[in-house]
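Trainee: Next come a sequence and a model predicted from it.
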Amino acid sequence: MTDKSLSSLSRMLSVLDLFSDNRTTWTAEGITEALQVSLPTGYRYVKMLVDAGLLQRAADSHYTLGPRIIVLDHYIRLADPVLAHGIPFMQELVEHTGFDCVLSGLYGHQVLDTHREFGKAPAILSYGRGRPRPLFLGAAPKAILSCFAPAQLHKVLDQNLDDVKAAGLSTEWSEFRKYFSAIRKAGYYFSNGELESNLAAVAAPLQKADGSILGAISLVTSVQRMAVMDMGKLTQLLIRAAQDITTRIP
């Protein structure tokens, strides 16, 4: 495949990146304009993606993501070793606590929830499987960031200064590093109404012995229910589950 063909393929696949919570449908003309390509090229991209099932036609000449995405998500679930090994431990945590249990994964610099086991009084969460989480708010993202090597953490800070500031964190490197070092030392992070005002969560990172980060496991419930829990016992259960999961993953 030539460099020109690779460039064209990359640009065509970038159509999928145009979809977001704020814009779930696009016209062929809108896609053409967004990618800054010619109209014939834009239509060709749309046709090829429709033929592949990655886009589908909706009302009023608009296009949405296609059914092939759902099929691929099924295969992702089957192939995910964290899910394969983690779900039994999540179910055990739910049984012991009555809280919801959530697995979150790190994909590049995006944190995504990948699975949820429901407790006795399921929380209403704004974020679910596939919706990117804010990187500096909430228990799971902070538990994950706490495991970053200093150089990696510094890069995250430099690339997200506005988001760091909006989250109420210091943009000074020494303070930023100190903040996440404290989380790493504790082995967990407790979020109380931080991401959603009525919810509290405690998360432990899923980190293998070689230092690689697989994600985080969280227990989520209302602020009121969390307030009466023995945090020491809760974090022990969670950290043990995180360790049990990571030791089983090759």
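Mentor: Sure, I can see it. Residues are numbered from 1 along each chain as shown.

Trainee: From here on, just use CA atoms for contacts and neighbour counts.
Mentor: Fine.

Trainee: so which strand or helix has Phe190?
Mentor: Per DSSP states H and E: Phe190 is located in strand 189-192.

Trainee: Can you spell out which helices and strands pack onto that strand?
Mentor: Here strand 189-192 touches helix 139-145, strand 199-207, going by 3 or more Cα pairs under 8 Å, 6 or more residues apart in numbering; DSSP states H and E.

Trainee: same thing but 10 Å
Mentor: helix 139-145, helix 173-186, strand 199-207, strand 213-222, helix 223-227, helix 231-247 (3 or more Cα pairs under 10 Å, 6 or more residues apart in numbering; DSSP states H and E).

Trainee: Check what contacts it and list those residues.
Mentor: For strand 189-192, the external contacting residues (Cα atoms under 10 Å, 6 or more residues apart in numbering) are 137-144, 146, 180, 182-183, 198-205, 218-224, 226-227, 231, 235.

Trainee: same question, stretch 32-48
Mentor: 8-9, 11-15, 18, 26-31, 49-57, 63.

Trainee: To Arg68, which of the helices and strands packed on strand 189-192 lies closest?
Mentor: Checking the helices and strands packed on strand 189-192 against Arg68 by Cα to Cα gives strand 213-222 as the closest, at 25.8 Å.

Trainee: List the buried residues in the closest one.
Mentor: Using 16 or more other Cα atoms under 10 Å as the test for burial, strand 213-222 gives Ile213, Leu214, Gly215, Ala216, Ile217, Ser218, Leu219, Val220, Thr221, Ser222.

Trainee: same check, this time on stretch 54-67
Mentor: Leu54, Leu55, Gln56, Arg57, Tyr63, Thr64, Leu65, Gly66.

Trainee: in the chain, which helix or strand is least confident?
Mentor: Scoring the helices and strands of the chain by mean pLDDT, DSSP states H and E places helix 3-13 at the bottom, with a mean of 76.

Trainee: Show me what the helix or strand just after it is packed against.
Mentor: Downstream of helix 3-13, the first helix or strand assigned by DSSP H and E is strand 26-27. For strand 26-27, the elements it packs on are strand 62-65, judged by 3+ Cα pairs under 10 Å, 6+ apart.

Trainee: packing partners for the strand it packs on?
Mentor: strand 26-27, helix 28-35, helix 39-51, strand 55-57.

Trainee: go with 8 Å
Mentor: Judged by 3+ Cα pairs under 8 Å, 6+ apart, strand 62-65 is in contact with strand 26-27, strand 55-57.

Trainee: With distance to Tyr189 and mean pLDDT as added columns, please give the ones you listed in TSV.
Mentor: TSV is the format used below for those (distance: least, Cα to Cα, whole Å; pLDDT from 0 to 100):
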stretch	distance to Tyr189	mean pLDDT
strand 26-27	39	96
strand 55-57	39	96
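
Trainee: so which of the ones you listed comes closest to Pro88?
Mentor: strand 55-57 (34.9 Å).

Trainee: got a list of contacts for that closest one?
Mentor: Val46, Leu49, Val50, Tyr63, Thr64, Leu65, Gly66, Pro67 (Cα atoms under 8 Å, 6 or more residues apart in numbering).

Trainee: quick one, domains of this structure?
Mentor: Using automatic domain parsing, the domain parsing of the chain gives 3-71, 80-247.

Trainee: Deepest-packed of those, please.
Mentor: domain 80-247 (a mean of 18; mean count of other Cα atoms under 10 Å).

Trainee: what about it, start to end distance?
Mentor: 15 Å (Cα to Cα, to the nearest Å).

Trainee: Tell me how far that domain lies from the chain's centre.
Mentor: Mean-position distance between domain 80-247 and its chain equals 10 Å (Cα atoms, centre = their mean, to the nearest Å).

Trainee: Identify the spatial nearest neighbour of Ile239, chain neighbours not counted.
Mentor: Closest residue to Ile239 apart from its sequence neighbours, by Cα to Cα, 6 or more residues apart in numbering: Ala204 at 5.8 Å.
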